[in-house]
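Q: Prediction below, plus the sequence it came from.
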Amino acid sequence: MTAADPTLTSLALHLARLSAGELDLRAELGRLCEALPPALGVAAALVMVTEPSDEEPTVAASDAQAGWMGAAQRRAGTGPLPAVIRSGRPLHTPDLTRLGPPELAAVAAETGRASSVVVPLRTASAGFGALQLLGDARRPVQPRDLDAARTVLEVLVARLVDVRALRVLAVPRPRPPVTVDPGDVATTVLPVAPPPRHGAEERGGRRRAEAARAAIPAPRRSEPRHRRDDAEQVAAHPSPGAARHVR
């Protein structure tokens, strides 16, 4: 990145300071697309991110007309953006009106943004999307136009890597089923209860129970307590008539 691009330098620093949890993907992609055309001198910019994305895929653009071109490519699944996402290689298209899909070609002819340069957003092992620059008849885009934006794009890819890793960690993983080895289970053999006795055995058991109850001596009946207390009171306090008879 050159010193003549203070806007892109500021944007790269802003993206570098963001954590994965703080990154608003759509907002930051929109900010990038708005900053690129004036900094690079091109007509428009748009980006398509396939992962991580809340939609399939996320498209952001510098203006409404560029947004139409991105939406046309997303719906058709063809065009420079999807082609670069699949191949992982940059692509320069001098005239979209002749080489693009019908809907994209119609929008390019209507807006006058016919030239395109697309670069992939990827690491050595994973792809995340692609960035497209659009040019018009006065200023067609060239592959070298992306040189001044390489640093900010590298920072963007680093943030996309972090966001994808965070989302993978946030997804709950199902627990594997618990398997028990029968050899590890301790078992105890319980005694079997004897079956109930019937017939002669049952009658014999009742006779033995009755004989045992008959052998127990019955408790002796004692004189009521209140009668003994009355007799003791009479002996201790004789009546006056009884006392005169003694004399």
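A: Nice, I can see it.
Q: ok, which stretches of this protein are strands?
A: In the chain, the strands defined using DSSP state E lie at 44-49, 58-61, 91-93, 115-122, 127-135.
Q: With mean neighbour count, distance to Gly79 and mean pLDDT as new columns, can those be given to me in CSV?
A: To be clear about C-beta, it is placed using only N, CA and C from the backbone, and glycine gets the same treatment. Converted to CSV, the strands of the chain look like this (neighbours: other C-beta atoms under 10 Å; distance: least, C-beta to C-beta, whole Å; pLDDT from 0 to 100):
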stretch, mean neighbour count, distance to Gly79, mean pLDDT
strand 44-49, 26, 10, 95
strand 58-61, 22, 12, 92
strand 91-93, 19, 9, 95
strand 115-122, 22, 9, 95
strand 127-135, 25, 9, 94
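Q: Tell me which of those approaches Ala71 most closely.
A: Ala71 lies closest to strand 58-61 among these, at 6.2 Å (C-beta to C-beta).
Q: who does that closest one pair up with?
A: strand 44-49 (antiparallel) (DSSP bridges).
Q: From the rest of the structure, what touches the strand it pairs with?
A: For strand 44-49, the external contacting residues (C-beta atoms under 8 Å, 6 or more residues apart in numbering) are 25, 29, 32-33, 36-37, 57-63, 65-67, 69-70, 73-74, 81-82, 85, 113, 121, 128-134, 160.
Q: Which residue, other than its chain neighbours, is closest to Leu156?
A: Leu15 (5.9 Å; C-beta to C-beta, 6 or more residues apart in numbering).
Q: The one you found against Leu25, yeah?
A: No: look at Leu15 against Leu25 with C-beta atoms under 8 Å: they stay out of range, at 11.4 Å.
Q: circling back to that earlier point, compute the number of surrounding residues for the residue nearest to Leu156.
A: 20 (other C-beta atoms under 10 Å).
Q: and it, what is it in contact with?
A: Leu15 neighbours (C-beta under 8 Å, 6+ apart): Glu28, Val152, Val155, Leu156, Arg159.
Q: between those, which is nearest Arg208?
A: The shortest approach to Arg208 among these belongs to Arg159, at 91.9 Å (C-beta to C-beta).
Q: who does the helix of greatest length in the chain touch, helix- and strand-wise?
A: For the chain, the longest helix by residue count, based on DSSP state H, is helix 150-170. Judged by 3 or more C-beta pairs under 8 Å, 6 or more residues apart in numbering; DSSP states H and E, helix 150-170 is in contact with helix 6-17, helix 25-40, strand 115-122, strand 127-135.
Q: Which stretch among those approaches Leu91 most closely?
A: Among these, strand 115-122 sits nearest to Leu91 (C-beta to C-beta), with 4.8 Å.
Q: Summarise which helices and strands the closest one is packed against.
A: Strand 115-122 is packed against helix 80-87, strand 91-93, strand 127-135, helix 150-170, with contacts defined by 3+ C-beta pairs under 8 Å, 6+ apart.
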